[in-house]
Every structure is written in structure tokens, then in C-alpha cells.
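> With the input below, show me the fold.
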Amino acid sequence: MSEALLSIRGLSAGVDDKQILDTVNLEVPAGEVHVLMGPNGAGKSTLGHVVMGEPTYEMTSGTIEFDGQDITELSPDKRSRAGLFLSFQAPVEIPGVPLTSFLRAIISGREGIDMKRKEFRKRVRALADELEMDRVYLDRELGVGFSGGEKKKVEMLQLLLLQPKLAILDETDSGLDVDALSVVSHGMEAYQRQCNGTLLVITHNTRILEHLDVDRVHVMVKGRVVAEGDASMIADIDANGFEQFEQAASAE
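Model prediction:
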């Protein structure tokens, strides 16, 4: 295993005086695909948001290191510029803001990916074509009237445009039909191929994992990482669910 790109040590966090995460330790080496699984309400999505610096959540202990830097106190925008990316279960809608304008804004001033207008338009159109996304969506208001599948395609477009060092994908397969799931899977594969990207996939089912070459699986129950192992854990979870891990956590 190579040196960790993301290193989480002793992280506890919550919201409104309610603890959600309890002393979480987790490492993701560069270039690997890691999966964070667990039942609904386990704290998986909360961990993704805390790593990204979402101010709704309060860290009460622990540290987060990314690419050799302690980012525990950094704001979300600085974490993003450092190379972190987080997709959302329910991507937001921003009325009045065309998708192209939004994409232009998020790469503005970023070393290595900021482009002149003509180059930018060419790149975005090429990515839309690669993701089988109708170009008409590029000039529509961000997320407004988009289907769930189209919103996820937009997130994959952002991923390929930003080329982050680490992408945290939070329930990316939620609500997708087979065709949309195929496009999202293609986006993840393109990210790994084009950017030598690192993935932390957060999910509670195994459907999307069929399209990934997974290096490591982490299981979270009641805000704690209670088990981890290689990709063989996925088949076991698919067959038997999370009951064995929930029972073990309750017995502690």
C-alpha cells in the first residue's frame, strides 16, 4: 500500500450537540478505489461532508490530512482547491445560473485547468458528449428541471473537468436507472483513466461496485468504522447484509 493521500485519525463529529461520528480512523492511498459501506444512518454521508469541511457539522476531535497537509481547519473552498471533490446524494438546483457559467466559475483561477473561453467551451462539449449528455443542458439553469440521472451526469462532468486528486462520491447510484448508472460508471472509469484519480465511494448497496476495481472496503456502523478488508467483502455484504457488523458493534 502506498502513502495515504487521505488520512483520518480519531475523528469525532456531530451536529446540534448530537454525536454522529465516533473516533473514525480511515486511510485512502493515492490511485486506489476505496468503498465506505454500511446501513442507512451509519454516518457515511456525514463523514464525506466533514472531510469536505461542511460547516453544518462540528468536529469535536481528530485530524484530517490530505496530500501531506493538515486540512482540519481549512474552509471547504480551500479543500476543493487542494484537490478534494464531493458529489451529493441530491445535487442542488440554482435557478438563474446557466450550467456553463457555473462550470466556468468553478475552474476560474485553478492552476492547470483554467482555460480561455473557446478552449473551455470545446472541453465542456467534449465531456458532455463523452457522458452522453445532450449539449442543450449546458445552457440551462443548473439542475432546474433535470432528471436525477441528468443531475448525476452533471456531477460526473464536474469531476472530469476539475480533475481532483480525490473524489468522494456520496450515494452516486441513488435513484438511478440502469442506463444512467452505466453513464456514471463510465464517468468514474474515465476519471481514473484520465486523471489517475483516487476514489472513496460511499454507498449502502453493491450495485455500482460491479463496475469498479475496488482495492479496499470499510464498513461503518453507528458512526464507527467496525471492519475493513479487500474487495471480497462486497460479495459477503451482498449476500448477508450488514447484520453481522451491527451485531458485533452492539456487543462491544
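> show me where the stretch 1-150 of the chain has strands.
4-15, 18-29, 33-37, 58-66, 69-70, 84-87, 94-98, 141-142 (DSSP state E, counting those that start in this stretch).
> Columns mean pLDDT and distance to residue 240 on top of these, output as TSV?
Yep, even glycine has a C-beta here, placed from its N, CA and C like the rest. Output for the strands of the stretch 1-150 of the chain, formatted as TSV (pLDDT from 0 to 100; distance: least, CB to CB, whole Å):
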stretch	mean pLDDT	distance to residue 240
strand 4-15	96	27
strand 18-29	96	23
strand 33-37	95	12
strand 58-66	97	31
strand 69-70	96	38
strand 84-87	93	28
strand 94-98	90	42
strand 141-142	88	41
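> who wins for proximity to residue 170 among the ones you listed?
Nearest to residue 170, of all these, is strand 84-87, at 5.7 Å by CB to CB.
> Please save the CA atoms from the closest one in PDB.
Extracted in PDB, the C-alpha atoms of strand 84-87 (Å, rounded to 0.1, in the frame of the first residue of the first chain):
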ATOM      1  CA  LEU A  84     -10.900  17.300  -2.900                       C
ATOM      2  CA  PHE A  85     -14.200  16.700  -4.600                       C
ATOM      3  CA  LEU A  86     -17.500  15.700  -3.100                       C
ATOM      4  CA  SER A  87     -20.600  14.600  -5.000                       C
END
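> what's the helix or strand encompassing residue 190 packed up against?
Residue 190 is located in helix 178-195, with elements delineated by DSSP states H and E. Counting contacts by 3 or more CB pairs under 8 Å, 6 or more residues apart in numbering; DSSP states H and E, helix 178-195 is packed against helix 148-162, strand 166-170, strand 198-202.
> Between those, which one is closest to residue 241.
So among the helices and strands packed on helix 178-195, strand 198-202 is nearest, using CB to CB, at 17.2 Å.
> SS state for residue 214?
Secondary structure assignment for residue 214 (DSSP: H, G, I helix; E, B strand; the rest coil): coil.
> Can you tell me the closest non-neighbouring residue to it?
Closest residue to residue 214 apart from its sequence neighbours, by CB to CB, 6 or more residues apart in numbering: residue 231 at 4.2 Å.
> residues near that neighbour, how many?
Close neighbours of residue 231, defined as other CB atoms under 10 Å, add up to 15.
> give the contact list for it.
213-217 (CB atoms under 8 Å, 6 or more residues apart in numbering).
> rewinding a little: between the strands of the stretch 1-150 of the chain, which gets nearest to residue 110?
strand 84-87 (12.0 Å).
> ok, and what's touching stretch 150-157?
For stretch 150-157, using CB under 8 Å, 6+ apart, the contacting residues are 87-88, 91, 99, 103, 124, 127-128, 131-133, 137, 142-143, 146, 172, 176, 180, 183-184, 186-188, 191.
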